[in-house]
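**Q** everything below, folded, please.
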Amino acid sequence: MVAPRIIQPSPQHAARACGDALIVVPPPSPSDTNPPLGPAILATAAARSGFGVDVLDLNILLLKRFGSQPAGLGRTLGDHGKDRSGVAAAARWLFAHTGLDGTPPLHLPDTAHPVAGMHYPLAAVTAAVATAASEPEPWRGWLEEHLRAGCDRPPTVVGVSLMGPSQVFLGLVTLRVVKEIWPETTTVLGGSHVTLLREQLRDDRRLRDAADVVLTGHCEDEFVAILARLSARGIRRPLLPPFPQTDAPFEYLPTFSERQLAHYDRRSLTLPIQFTRGCSYGRCTFCTYPVVEPQVTALGRDAARTAIDTLVRTHGVRRFSLKDSLFTAPMLRALAEALLREPTVAVRWSATTKASRALFPLVPLLAEAGLATVEIGVETIHPAGQRLFDKRADPVMLQELILALAEQGITVVTNLIFGSPGEREQDAQAQLAWFLQLQAAAPVGRVDCSLNMLELVRGAPMVADPPPGVELYGVAPWAFSYAWNAPAWRRDFAAGLERVERARARGPASPPADAAA
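**A** Presented below is the predicted three-dimensional model:
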């Protein structure tokens with residue numbers, strides 16, 4: 001069946017006045033409820049020094065064409081509350097229109113999608129990007145239309161934010177189109193995926209393609225410095241380093257334009273916000289946070305409450321997704337108490353935490369303060385896997401905590417990882433059975449899931465020091481994860497996990513054997 005064309009000529013609209021910079025968010029990004037946070041923080045930092053930043057959210061523009069279910073009906077708030085089928089359909093369409101389908105992948109992990117993970121030789125990626133940037137459809141015309149509609153003159157800077165490998169293709173195409181229509185504009189490449197590949201981008205300029213500048217880490221002030229240099233205007237406040245020290249302040253308040261938010265369904269719109277950086281645990285051997293956010297910052301409780309109040313007043317939105325890597329039990333208590341102190345309007349929010357017994361007495365307080373969804377990184381219930389990941393927790397405690405939260409009306413997203421080195425298929429089946437039984441024991445729809453096959457990724461301790469028996473076969477230039485000698489049963493089991501995730505929040509699930517059959 002031929003995929004439907006979605007890039008149609010739109011009515012001509014007069015371009016509006018453009019700011020000093022335009023930040024482009026290429027699809028696919030995995031949510032239709034949360035606008036991107038990074039560009040909104042850049043916009044605030046720039047505005048405080050007198051520069052204007054606009055955001056071109058191409059991700060939501062594409063996702064809107066594939067929405068398949070009414071918004072606002074799910075109980076999960078934040079990234080996991082998305083229209084999963086619509087987001088997946090948009091990604092499939094994009095991947096099918098990159099021109100890479102017939103290209104042999106390079107170092108393809110056993111359960112990976114070759115285009116989503118950008119598992120291709122650099123020459124193949126560069127050729128596909130060049131073709132897409134030169135042909136009118138499906139991408140060149142669409143990109144040029146939205147770029148010109150957003151700006152009545154060439155902006156000083158156009159930045160592209162890459163948070164993962166799936167955005168690389170269209171991000172690079174965007175940079176090429178920008179250089180063709182606005183040759184004097186400075187192009188900037190940034191985002192967490194760029195941060196992870198900082199050494200490769202430094203050593204091989206071909207990766208940068210049409211990017212004039214690469215910014216890594218939390219680069220708000222570096223970005224403002226570029227704007228000041230190019231416009232010959234001064235900076236109104238001292239600059240901070242891109243990786244602040246523990247006690248260094250950073251910007252809590254993101255800036256969203258109503259033009260951008262108008263593309264989101266107000267019933268499900270959730271504003272992202274971040275109050276700390278880094279991970280206070282920072283030991284998980286599969287994780288890249290110590291590379292992407294190496295410094296840990298403290299929570300400013302009053303500033304957090306002020307930021308939320310400001311966003312409520314400005315946009316009328318009362319749903320917030322905390323993007324902190326790890327919101328600890330003391331931090332959860334502090335924020336909950338701040339929100340309950342002289343409350344003005346009730347808000348609902350989500351956060352990610354690590355399971356601990358310190359959370360049990362906080363559950364009623366958190367529910368009262370509006371915690372709607374909490375994501376808990378269980379990872380694995382097996383002792384061998386917990387030792388491998390350096391993240392230990394009693395499965396009985398985990399179960400009791402998840403049920404306690406769910407029974408208070410808080411939806412729990414349970415993160416689990418399968419297919420680690422040395423794990424047997426029966427171990428993975430036992431862990432899946434544990435989750436399904438837990439989900440069935442909770443109030444209907446209150447235990448959600450994020451079920452993942454282990455990836456060995458750039459910058460993770462498990463890659464720097466592989467476990468015994470693990471052989472790393474390599475990683476493609478723009479890819480996130482390595483090919484390795486993974487257990488042979490993983491591919492079929494991964495397909496079963498996808499079926500379980502699609503059936504989330506529908507009450508009692510199928511028996512474990514059926515789920516992964």
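**Q** give me the low-pLDDT residue ranges for the stretch 51-200 of the chain?
**A** 68-74 (pLDDT under 70).
**Q** again, only using 90
**A** 64-88, 101-102, 150-152 (pLDDT under 90).
**Q** do the same with the stretch 251-400 of the chain
**A** For the stretch 251-400 of the chain (pLDDT under 90), the answer is 251, 265-268, 280, 282, 289-296, 342-345.
**Q** show me where it has its helices.
**A** With helices called from DSSP state H, counting those that start in this stretch, the stretch 251-400 of the chain shows them at 258-261, 289-292, 301-315, 329-340, 363-368, 383-389, 395-407.
**Q** which among those is found nearest to residue 484?
**A** For the helices of the stretch 251-400 of the chain, proximity to residue 484 was assessed by C-beta to C-beta; helix 383-389 is nearest, at 14.0 Å. C-beta: built from backbone N, CA, C; applies to glycine.
**Q** for that closest one, buried residues please.
**A** Applying a neighbour-count criterion of 16 or more other C-beta atoms under 10 Å, one finds 385-386, 388-389 buried in helix 383-389.
**Q** returning to what we had before: redo the helices of the stretch 251-400 of the chain as a markdown table? Include distance to residue 440.
**A** Shown next, in a markdown table, are the helices of the stretch 251-400 of the chain (distance: least, C-beta to C-beta, whole Å):
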| stretch | distance to residue 440 |
| --- | --- |
| helix 258-261 | 38 |
| helix 289-292 | 32 |
| helix 301-315 | 35 |
| helix 329-340 | 27 |
| helix 363-368 | 21 |
| helix 383-389 | 23 |
| helix 395-407 | 11 |
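**Q** looking at the ones you listed, which is nearest to residue 482?
**A** It's helix 289-292; of the helices of the stretch 251-400 of the chain, that one is closest to residue 482 (C-beta to C-beta) at 14.8 Å.
**Q** what is the strand or helix carrying residue 451 packed up against?
**A** Assessed by DSSP states H and E, residue 451 sits inside strand 447-453. Judged by 3 or more C-beta pairs under 8 Å, 6 or more residues apart in numbering; DSSP states H and E, strand 447-453 is in contact with strand 411-418, helix 425-441, helix 490-502.
**Q** residue 254: which of these is closest?
**A** strand 411-418 (22.5 Å).
**Q** and the angle for that closest one with strand 447-453?
**A** Counting by axes from the mean of the first three to the mean of the last three C-alpha atoms, to 10 degrees, strand 411-418 points 20 degrees away from the direction of strand 447-453.
**Q** so how far is strand 411-418 off the chain centroid?
**A** Relative to the centre of its chain, strand 411-418 is centred 16 Å away, using C-alpha atoms, centre = their mean, to the nearest Å.
**Q** go on, stretch 365-376?
**A** 21 Å.
**Q** count the neighbours of residue 183 for me.
**A** 8 (other C-beta atoms under 10 Å).
**Q** sec struct for it, please.
**A** coil (DSSP: H, G, I helix; E, B strand; the rest coil).
**Q** returning to what we had before: what's the strand holding residue 451 in contact with?
**A** 75-76, 80, 111, 373, 375, 402, 406, 411-419, 432, 435, 438-439, 490, 493-494, 497, 500-501, 504-505 (C-beta atoms under 8 Å, 6 or more residues apart in numbering).
**Q** show the buried residues in the residues you listed.
**A** The buried subset of these - by 16+ other C-beta under 10 Å - is 75-76, 80, 111, 373, 375, 402, 406, 411-419, 432, 435, 438-439, 490, 493-494, 497, 500, 504-505.
**Q** residue 403 versus residue 354, what's the distance?
**A** 17 Å (C-beta to C-beta, to the nearest Å).
**Q** tell me which of these two has more neighbours.
**A** Neighbours were counted for residue 354 and for residue 403 using other C-beta under 10 Å; residue 354 has more, 20 against 17.
**Q** what does stretch 329-339 contact?
**A** For stretch 329-339, with C-beta under 8 Å, 6+ apart as the criterion, the contacting residues are 275-276, 299, 301-302, 304-305, 308, 324, 327, 347, 351, 353, 356, 358-359, 362, 365-366, 368-371.
**Q** wait, isn't residue 405 in contact with residue 412?
**A** Yes. Between residue 405 and residue 412 there is a contact under C-beta atoms under 8 Å: 5.1 Å.
**Q** and residue 144, what does it touch?
**A** So residue 144 contacts 177, 181 (C-beta under 8 Å, 6+ apart).
**Q** now do the phi/psi pair for it.
**A** Main-chain dihedrals, residue 144, degrees, to the nearest 10: phi -60, psi -40.
**Q** residue 175 now?
**A** phi -60, psi -40.
**Q** hmm, it is touching residue 187, no?
**A** Yes. Here residue 175 reaches residue 187: they are 5.0 Å apart, a contact under C-beta under 8 Å.
**Q** who has more neighbours, those two?
**A** Between residue 175 and residue 187, counted using other C-beta under 10 Å, the more crowded position is residue 175 (25 against 22).
**Q** find the nearest non-adjacent residue to that one, please.
**A** residue 210 (3.9 Å; C-beta to C-beta, 6 or more residues apart in numbering).
**Q** and the one you found, how many residues sit next to it?
**A** Neighbour tally, residue 210, other C-beta under 10 Å: 19.
**Q** redo the buried residues of helix 383-389 as TSV? Include distance to residue 129.
**A** Below are the buried residues of helix 383-389 laid out as TSV (distance: C-beta to C-beta, whole Å):
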residue	distance to residue 129
385	39
386	42
388	38
389	36
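**Q** tell me which of the residues you listed is nearest to residue 26?
**A** Nearest member of those to residue 26, counting by C-beta to C-beta, is residue 389, at 31.7 Å.
**Q** so how far is residue 493 from residue 425?
**A** Following C-beta to C-beta, the distance that separates residue 425 from residue 493 is 7 Å.
**Q** one more: residue 201?
**A** Applying C-beta to C-beta to residue 201 and residue 493 gives a distance of 35 Å.
**Q** next up, the contacts around the closest residue in space to residue 480 that isn't next to it in sequence.
**A** Excluding the flanking residues, the one nearest residue 480 by C-beta to C-beta, 6+ apart is residue 165, at 4.9 Å. Applying C-beta under 8 Å, 6+ apart, one finds that residue 165 lies in contact with 116-118, 193, 478-480.
**Q** quick one, strands of the stretch 201-350 of the chain?
**A** 213-214, 271-273, 319-322, 348-353 (DSSP state E, counting those that start in this stretch).
**Q** most packed of the ones you listed?
**A** Looking across those with neighbours counted as mean count of other C-beta atoms under 10 Å, the highest average goes to strand 319-322: a mean of 25.
**Q** just checking, what packs against it?
**A** Using 3+ C-beta pairs under 8 Å, 6+ apart, strand 319-322 sits against strand 271-273, strand 348-353.
**Q** what about residue 203, how many residues nearby?
**A** Neighbours of residue 203 (other C-beta under 10 Å): 8.
**Q** quick one: contacts for it?
**A** Here residue 203 is in contact with no residues (criterion: C-beta under 8 Å, 6+ apart).
**Q** read off the pLDDT value for it.
**A** Per-residue pLDDT puts residue 203 at 92.
**Q** now swap in residue 249 and tell me
**A** At residue 249, pLDDT is 54.
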